[in-house]
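Enquirer: Got a predicted model here, sequence first, then my questions.
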Amino acid sequence: MNTPNNTRKSAFGKTRHLRLPLALLSLAVMAACSTTPPNNARVDEARNALRLAQSDPQTQGLAGGEMRQAADALASAEAALAQREDMATVDHLAYLAQQRVNLLVEAGNRRASEMAVAKATTERDQMRLRARTAEADAAQRSAANSQQDAQAALREAEAAQRAARTAQASAEASRRDAVSSQRDAQTAQQLAGEAERRAQALEMQLKALDAKKTERGMVVTIGDVLFDTDQAQIKSGGLRSMDKLVDFLKAYPERKALIEGFTDSVGDDGYNLALSNRRADAVRAALVGMGVSGERLTTRGLGEAYPVAGNDSTGGRQLNRRVEIVLSEDGGVIAPR
Amino acid sequence: MTPSSHPNAARRAALPATSRQLGAVLAFAVAAVLAACASTPPPPTEQIAVTTAAVANAAAQGAQELSPAELGLARDKLRRANLAMAAQDNEQAMRLAQQAQLDAQLSQAKANSAKARRAAEEVEAASRALREEMSRKAP
C-alpha cells in the first residue's frame, strides 16, 4: 500500500504542471453531473404512476396513509438515485415505490366500490320507500273507492227498500181493494140473490093468487063465489081463500091495494053501485080483520061498469059479479082506470 | 493511513517478534470491523417476520383465489429472502423481504377491492331488478 502511494506521489511530482487543468476538468464534470441528474427507468415509471394515481378522483381524500407512503417511497428512490447509489439499490427502492403506488390505486378502487355499494343501497331504500308510499296511496284510493261504492250501494239499498215499502203498501191497498171489491161483489151477489129470491117468491105468491098482470099492476080477481046473491057478507070458505092475499100483503108491506067491486047488469044502476061498494068494503074489512093495515087499502064500487063477460048468460053474469084487487108496485101508486 | 505507516514501520524495527504478532491481530480486527460496517448488515429477522405475517394475512383474506399472481410472487420472494439470509447475504435478504411484504399487501388489497367490487355489482343488480319490477308494476 505504501509503495504505490510513493510512486504515485513521485509521478505527481513529475507532472505537477498538469494538476491544475485536471482539477478544473474534474470539477466541470462533477458540475455537469449535478445539473443533469442521473436517470433510472424504474424510478421514472414509479413517478409517472404516482402522478397518474394522484390525479385520479378515486384516490382523493383516502383516509389511509397510502398516498403519503407512496410519495415517501418515491422520494427515497429519487434520493438514492441522486446520491448515485448503486443500481440494485435504486431499482429496489423504485420497485417498492411502484408497489406503494399500486397499493394506493387498489385502495382507491376499493373505496370507489364501497361508495357504489352505499349509493346503491341508499337508492334501493329510497325506491322501496317510494314503492311503499305508492302502495299506501293506492290502498288509500282503493279504500276511498270502496267506501264510495259502499255508500252508493247503501243508497241503492235504501232506495230499493223504499220502493219495496211503496210496492208493499200499494199491494196491500190493492189487496184491500180486491177484498173490498170481493165483499162488494159478494154483497151485490147476495143482494142480487136476495132480490131474485124475492122476485121468485113474489112470482110464486102471485101465481098462487091467480094474479093477472095488467098495465095497472097485478090484478087479483075474487069471484062471486065469495058472496051470496045480493049479499055483501063474505062466505066462510071465501075467507080461507083470501089467506094467500093477506100473506102477500104482509110480505110486501110497501105495496098498497085498490079494492074494486063490480056487479052484473041485473037490477038498477044505483043499487048495483051501492052493492059493489058494500062488497069492496066487506073485502077491505076482512083484510083489516086479518091484520093488514087499513091505510094501505082503498075501496071503490063501480057497479055494473067494466064487465068482463056478456050479461046475457048466467055464466057471463057470474063472471061480472066480482071484486078485483089491484096490487101496486113498491111505490104504492096505482094508475086510475 | 499514510502517516501511520511510518511509526508502524519504526515500531516493527524496534520490537521484532511479539509486536509483529500483535500487529497482525490488530490488523485482522480492524479489517473485520471494517468489513462488518461496510458489506454485512445484520440478518433481517424482524422484516422476515413482518413479511411472513403479511403473506399469512393476505392468504387469510382470500388472496389465494382473488389475487393469486401477487401472492405467488410474495411467497417466492419470501422463500428467496430466507435462503439469502441463510447464505449470510443479509442485504439481499432484506430487499427481498421488503419487496415480498409489499407484494403480499398488494395481493391483499386487490382481494379486498375485488370483493368490494363484487358487492357493488350485486347491490347494483338488485337495485336494477327492483327498479325494473317497480316500473313494471306501475301502470
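Expert: Everything's here; your move. Numbers count the residues shown, from 1 in each chain, chains lettered A, B, ... in the order given.
Enquirer: going forward, measure contacts between C-alpha atoms and count neighbours the same way
Expert: Will do.
Enquirer: what's stretch B:86-99 in contact with?
Expert: When contacts are taken as CA atoms under 8 Å, 6 or more residues apart in numbering or on different chains, the neighbours of stretch B:86-99 outside the stretch itself are A:92, A:95-96, B:40-44, B:47-48, B:51, B:74, B:77-78, B:80-85.
Enquirer: Skip ahead from the strand or helix carrying A:Arg300 and say which helix or strand is next.
Expert: Take DSSP states H and E as the rule and A:Arg300 turns out to sit in strand A:297-301. Past strand A:297-301, further along toward the C-terminus, the next helix or strand under DSSP H and E is helix A:314-320.
Enquirer: tell me the angle the next helix or strand after that following helix makes with strand A:297-301.
Expert: Downstream of helix A:314-320, the first helix or strand assigned by DSSP H and E is strand A:322-327. Here strand A:322-327 points in a direction 150 degrees away from that of strand A:297-301 (axes from the mean of the first three to the mean of the last three CA atoms, to 10 degrees).
Enquirer: before we move on, the earlier item: what's the mean pLDDT across the strand holding A:Arg300?
Expert: For strand A:297-301, mean pLDDT rounds to 89.
Enquirer: so what does it touch, helix or strand wise?
Expert: In this structure, strand A:297-301 makes packing contacts with strand A:257-262, helix A:269-289, judged by 3 or more CA pairs under 8 Å, 6 or more residues apart in numbering or on different chains; DSSP states H and E.
Enquirer: what lines up beside that strand in the sheet?
Expert: When sheet partners are counted by DSSP bridges, strand A:297-301 sits next to strand A:257-262 (parallel).
Enquirer: who touches B:Gln47 in this structure?
Expert: B:Gln47 touches B:Met94, B:Ala97, B:Gln98, counting by CA under 8 Å, 6+ apart.
Enquirer: top of those by neighbour count?
Expert: Top of the contacts of B:Gln47 by neighbour number is B:Ala97, holding 31 neighbours under the definition other CA atoms under 10 Å in any protein chain shown.
Enquirer: Quickly note the distance from it to B:Glu46.
Expert: In this view, B:Ala97 and B:Glu46 are 10 Å apart by CA to CA, to the nearest Å.
Enquirer: ok, now A:Ala192?
Expert: Counting by CA to CA, the gap from A:Ala192 to B:Glu46 is 142 Å.
Enquirer: Just the pLDDT for residue 49.
Expert: Going with chain A. For A:Ala49, the model assigns a pLDDT of 94.
Enquirer: meant chain B, my bad for not saying
Expert: The confidence metric pLDDT takes the value 96 at B:Ala49.
Enquirer: what does A:Met242 give?
Expert: In this prediction, A:Met242 carries a pLDDT score of 76.
Enquirer: For it, which residues are in contact?
Expert: The contact partners of A:Met242, taken as CA under 8 Å, 6+ apart, are A:Leu287.
Enquirer: Can you give me the domain assignment for the chain?
Expert: By default, I'm working from chain A. If you go by automatic domain parsing, the domain ranges for chain A are A:21-171, A:200-327.
Enquirer: I was after chain B.
Expert: Listed domain ranges for chain B are B:2-39, B:45-137 (source: automatic domain parsing).
Enquirer: looking at those domains, which is buried most?
Expert: When you average the neighbours per residue for each of the domains of chain B (mean count of other CA atoms under 10 Å in any protein chain shown), domain B:45-137 leads with a mean of 20.
Enquirer: what ranges do the helices span in the chain?
Expert: Looking at chain A here, since you left the chain open. Secondary structure of chain A (DSSP state H): helices at A:2-14, A:19-35, A:41-55, A:66-82, A:87-208, A:236-241, A:243-251, A:269-289, A:314-320.
Enquirer: Sorry, I should have been clearer: chain B.
Expert: B:2-14, B:18-39, B:45-60, B:63-66, B:68-86, B:90-137.
Enquirer: how far does the third one sit from the chain's center?
Expert: Average the C-alpha atoms of helix B:45-60, do the same for its chain, and the two points are 10 Å apart (CA atoms, centre = their mean, to the nearest Å).
Enquirer: Kindly report the same for the last one.
Expert: Relative to the chain's own centre, helix B:90-137 is displaced by 24 Å; criterion: CA atoms, centre = their mean.
Enquirer: wouldn't A:Gln58 be in contact with A:Glu114 here?
Expert: No - between A:Gln58 and A:Glu114 there is no contact under CA atoms under 8 Å: 11.2 Å.
Enquirer: between the contacts of B:Gln47, which is nearest chain A?
Expert: Distances from the contacts of B:Gln47 to chain A were compared by CA to the nearest CA; the smallest belongs to B:Gln98, at 7.7 Å.
Enquirer: And the pLDDT for that closest one?
Expert: B:Gln98 is assigned a predicted lDDT (pLDDT) of 96.
Enquirer: cool, A:Asn102 as well?
Expert: At A:Asn102, the model reports a pLDDT of 94.
Enquirer: got a list of what it touches?
Expert: B:Leu106.
Enquirer: swap in the one 4 residues further on?
Expert: With contacts taken as CA under 8 Å, 6+ apart, A:Glu106 has the following neighbours: B:Leu106, B:Ala109, B:Lys110, B:Ser113.
Enquirer: what's the closest of those to B:Glu124?
Expert: B:Glu124 lies nearest to B:Ser113 out of the contacts of A:Glu106, by CA to CA, at 16.1 Å.
Enquirer: Run through the chain and note the low-pLDDT ranges.
Expert: Picking chain A for this. Low-confidence regions of chain A, defined by pLDDT under 70, span residues A:1-16, A:26-37, A:63-64, A:223-229, A:236-241, A:330-332.
Enquirer: let's do chain B instead
Expert: B:1-18, B:28-39, B:137-139.
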